[in-house]
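Trainee: Got a sequence here, can you model it:
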Amino acid sequence: DGNGLASASEDRTLKIWDASTGQCLNTLWGHTNAVRTVAYSPDSSMLVSGSDDKTLRLWDVNTGQLLNTLQGHTSQLWSVAFSPDGNTIASGSEDQTLKIWDASTGQCLKTLQGYSNQVWSVAFHPDGLTIASGNEDRTVKVWNVETGQTIRSLSGHINRVRSIAFSSDGSTLASGSEDLAVKLWSVKTGQLLNTLRGHTNFVWSVSFSPDGNMLASGSDDQTIKLWDIKTGRCCKTLQVNNSSVWSVAFSPDGTMLVSCHEDQALRLWDVNTGQCFNTLIGHMDVVRSAAFSPDGSMLISGCHDQTVKVWEVSTGQCLKTLKGHLSRIKTVAFSSDGNTIASGCDDQTVKVWSVKTGECLHTLQGHTDSVKSVRFSLNGDLLVSGGEDETIKVWNVKTGNILRTLKNRRPYEGLNITGVTGITEAQKATLRTLG
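Mentor: Numbering: from 1, shown residues only. Predicted coordinates for the structure are as follows:
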């Protein structure tokens, strides 16, 4: 109604003022750190405030009573606002998220992620000198291993890129995204060659056949699609009932395909007929990743149950269960000689295992968040890992040492805003999140 005014202060208080007289009507105490932002509800009956103490607080304007404390942000609050109907509240924070809250219950309804460049997938080019990464910022990036520099950034997806794969001859790069599409790129020029459409939900995984003529894609729509690379036509759709497909991989001879599922199973498919001929049961949670051994006789799988399993393909028998990770395993890979396994986990580590003994040879520490993807170089000397900490790390397999850390520059990285005037603290915070 324009009669009241609210102010927020670094002294941890809010004050309510009579706009006509300038008299302080009430001082609200409750925050434990500086209060950065405050807003009235549309009917002026409530106030919401945001603070460096990482909370929002709801207040009754008439009584000054604290109605609710909303917790969920992991850093200071820069901005709060009521919706026009007063039913919801929006809050923006240094933690790079926007949260939407139910004003009556204090429940967080939605979290919108700000700028991030988490690495969801990595792959080695057959030459061993180049790496590709699928990223949160909707791009595919191609890197020089030796220099750590980005060679090329491929744009075209309109949502995060979940999976990437090189063809065996290194000429083509495939990417699968949450925009429901699979894209094929020329490695030499960076040109978009084709966009494969047909999935009706997120594409979690892509894999080339050994001869490079076919691509498999696994999706949240509970299907696996087999694509002809030359024509871009979908040759077959393999239907999985009631279970998302998290990962797909071809056998070395290209006759079989393995898929990983939410229903705790792995499935083996005949590529020619499109029939599932075996289901491997043994994991106790979502199976996230699988890979064939180079000779095709064994399979490995990584699971949210914190284990890696080694399977015999011909019988479907579980040969070994590898334990040591402390959280959900997101990715596994075989070395080219078939003697070593790597696994990446939410516990922020990569483990290197002996296939013969099941012994953990190295625990590679250096990531500061979940590890989403691991791959060996073709000669087996190097291992690359990508994670939610926005970095790609290159490791020496024999010693377990980090050789290089690759990290994308953010859009405004290096821009000095010290002393800049004319922009708000919230705008400065936004610039900081962008580098």
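Trainee: Residue 289: neighbour count?
Mentor: The local packing of residue 289 (other C-beta atoms under 10 Å) involves 24 other residues. All C-beta spots, glycine's among them, are computed from the backbone N, C-alpha and C.
Trainee: Summarise which helices and strands whichever strand or helix holds it is packed against.
Mentor: In this assignment (DSSP states H and E), residue 289 forms part of strand 287-292. If you count contacts as 3 or more C-beta pairs under 8 Å, 6 or more residues apart in numbering; DSSP states H and E, strand 287-292 packs onto strand 245-250, strand 256-261, strand 265-270, strand 298-303, strand 329-334.
Trainee: quick check: angle from it to strand 256-261?
Mentor: Calculated by axes from the mean of the first three to the mean of the last three C-alpha atoms, to 10 degrees, strand 287-292 forms an angle of 160 degrees with strand 256-261.
Trainee: follow-up on the earlier one: pipe the helices and strands packed on strand 287-292 into CSV and attach mean neighbour count and mean pLDDT per row.
Mentor: Formatted as CSV, the helices and strands packed on strand 287-292 follow (neighbours: other C-beta atoms under 10 Å; pLDDT from 0 to 100):
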stretch, mean neighbour count, mean pLDDT
strand 245-250, 25, 96
strand 256-261, 24, 97
strand 265-270, 20, 97
strand 298-303, 26, 98
strand 329-334, 26, 97
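Trainee: could those strands be laid out in TSV, adding distance to residue 160?
Mentor: Compiled in TSV, the helices and strands packed on strand 287-292 are given as follows (distance: least, C-beta to C-beta, whole Å):
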stretch	distance to residue 160
strand 245-250	15
strand 256-261	19
strand 265-270	25
strand 298-303	21
strand 329-334	15
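Trainee: quick one, which of those strands is nearest to residue 223?
Mentor: Set against residue 223 and scored by C-beta to C-beta, the helices and strands packed on strand 287-292 come closest in strand 245-250, at 7.0 Å.
Trainee: Sheet partners, orientation included, of the strand holding residue 289?
Mentor: Its sheet considered, strand 287-292 pairs with strand 298-303 (antiparallel) by DSSP bridges.
Trainee: Show residues contacting the strand it pairs with.
Mentor: Under the contact criterion C-beta atoms under 8 Å, 6 or more residues apart in numbering, strand 298-303 has outside partners 258, 260, 264, 266, 280, 283-293, 308-313, 319, 328-332, 334, 338, 341, 343-344, 355.
Trainee: Stretch 402-416 now?
Mentor: Counting by C-beta under 8 Å, 6+ apart, 115, 117, 131, 133, 135, 137, 141, 143, 145, 148, 150, 364, 366, 382, 390-396, 431, 433-435 sit against stretch 402-416.
Trainee: Next: stretch 281-295.
Mentor: 246-247, 249-252, 256, 258-262, 264-266, 298-305, 307, 309, 313, 318, 321, 328-334, 336-338, 355.
Trainee: Report the buried residues of it.
Mentor: 282-283, 286-293 (16 or more other C-beta atoms under 10 Å).
Trainee: Stretch 32-42 too?
Mentor: Those would be 34-41, for stretch 32-42 by 16+ other C-beta under 10 Å.
Trainee: cool, stretch 312-332 as well?
Mentor: Going by 16+ other C-beta under 10 Å, stretch 312-332 has these buried residues: 313, 316, 318, 320, 322, 324-325, 328-332.
Trainee: swap in stretch 136-150?
Mentor: 136-143, 145, 150.
Trainee: Tell me the spacing between the residue nearest to residue 171 when sequence neighbours are not counted and residue 392.
Mentor: In this structure, residue 171 finds its nearest non-sequential neighbour in residue 187, 5.8 Å apart by C-beta to C-beta, 6 or more residues apart in numbering. Per C-beta to C-beta, to the nearest Å, residue 187 is found 17 Å from residue 392.
Trainee: Of those two, give the one with the bigger neighbour count.
Mentor: More crowded of residue 187 and residue 392, by other C-beta under 10 Å: residue 392, with 26 against 22.
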